[in-house]
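3D, please:
(2 chains)
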Amino acid sequence: AQTVTQSQPEMSVQEAETVTLSCTYDTSESDYYLFWYKQPPSRQMILVIRQEAYKQQNATENRFSVNFQKAAKSFSLKISDSQLGDAAMYFCAYRSAQETSGSRLTFGEGTQLTVNP
Amino acid sequence: DTGVSQDPRHKITKRGQNVTFRCDPISEHNRLYWYRQTLGQGPEFLTYFQNEAQLEKSRLLSDRFSAERPKGSFSTLEIQRTEQGDSAMYLCASSRSPSGANVLTFGAGSRLTVL
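Just a heads-up that it's a prediction; the model follows:
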């Protein structure tokens, strides 16, 4: 079974600074997808960024980028120019590429990000 | 398209009562998922449907839990004889299939408090 680990329960960053959230995962599969989801307080979870394991290039979405290290099974999220609206719980998630898995996500425990003005 | 809708947003019940949650997915999504999220934890998979067929159930889904998706549209999650340990946020998500890199779109969740 796949597992996802986020070793930082809480992180804080100053507004306009850069912060990196860590995620490691364990799998025996070679083809899969990785995601970062953001869950603001009392609001729904939304996708921040996704990475296909077969792609060597790291995904980037505006101020959000990932450092995907397949051999190390590491998938960190970098948030540049942090904004107050980035404050939320961030979840790393894994999904197998095999259709038999039904596309279900396996989530980490989450990292609570605080952005200080 | 208004996204994934869940109802009610919050339910408070006494131990032993039955509760039912409803999820309306994005209309063109044929896959629907239920997750449970306890405070400070990541969501845990419960079950998923492809159209009206329930294709997988987690071992977390005890006999007191039942989910349906009649006609492949909305879904209900019923918990019978609730226990305090059932207190959690119940999240619904939907997606297209085949999935590829398709993203799960989540609803805002239904929070259950069992007294």
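
Surely A:Lys55 is within a helix?
No: applying DSSP: H, G, I helix; E, B strand; the rest coil, one finds A:Lys55 to be coil, outside a helix.

where does the closest residue to A:Ser30 other than its chain neighbours land on pLDDT?
Leaving aside its sequence neighbours, A:Ser30 sits nearest to A:Ala53 (Cβ to Cβ, 6 or more residues apart in numbering or on different chains; 7.2 Å). C-beta: built from backbone N, CA, C; applies to glycine. pLDDT recorded at A:Ala53 is 92.

how much space between A:Ala53 and chain B?
Going from A:Ala53 to chain B by Cβ to the nearest Cβ, to the nearest Å gives 10 Å.

now whichever residue of chain B sits closest to chain A: how far from B:Leu77?
Per Cβ to the nearest Cβ, B:Gly42 is where chain B lies closest to chain A, at 3.3 Å. Shown here: B:Gly42 relative to B:Leu77, a distance of 19 Å by Cβ to Cβ, to the nearest Å.

Poorly predicted segments of chain B, please.
Within chain B, the stretches with pLDDT under 70 are B:1, B:98-101.

hmm, try it at 90
B:1-2, B:28, B:39-41, B:55-62, B:71-72, B:95-104 (pLDDT under 90).

Around chain A, pick out the residues from it.
By Cβ under 8 Å from any Cβ of the partner chain, the residues of chain B that approach chain A are B:3-4, B:31, B:33, B:40-45, B:48, B:50, B:55-56, B:91, B:95, B:97-99, B:101-104, B:106-109.

Swap in 7 Å and give it another go.
B:31, B:33, B:41-43, B:45, B:48, B:55-56, B:95, B:97-99, B:101-104, B:106-109 (Cβ under 7 Å from any Cβ of the partner chain).

Please check these and keep the buried ones.
Buried members of the residues of chain B next to chain A, scored by 16 or more other Cβ atoms under 10 Å in any protein chain shown, are B:31, B:33, B:41-43, B:45, B:48, B:56, B:95, B:99, B:102-104, B:106-109.

Those residues in strands, which ones?
B:Arg31, B:Tyr33, B:Phe45, B:Tyr48, B:Glu56, B:Ser95, B:Phe106 (DSSP state E).

hang on, the earlier thing: which ones are touching the residue of chain B closest to chain A?
A:Phe91, A:Phe107, A:Gly108, A:Glu109, A:Gly110 (Cβ atoms under 7 Å, 6 or more residues apart in numbering or on different chains).
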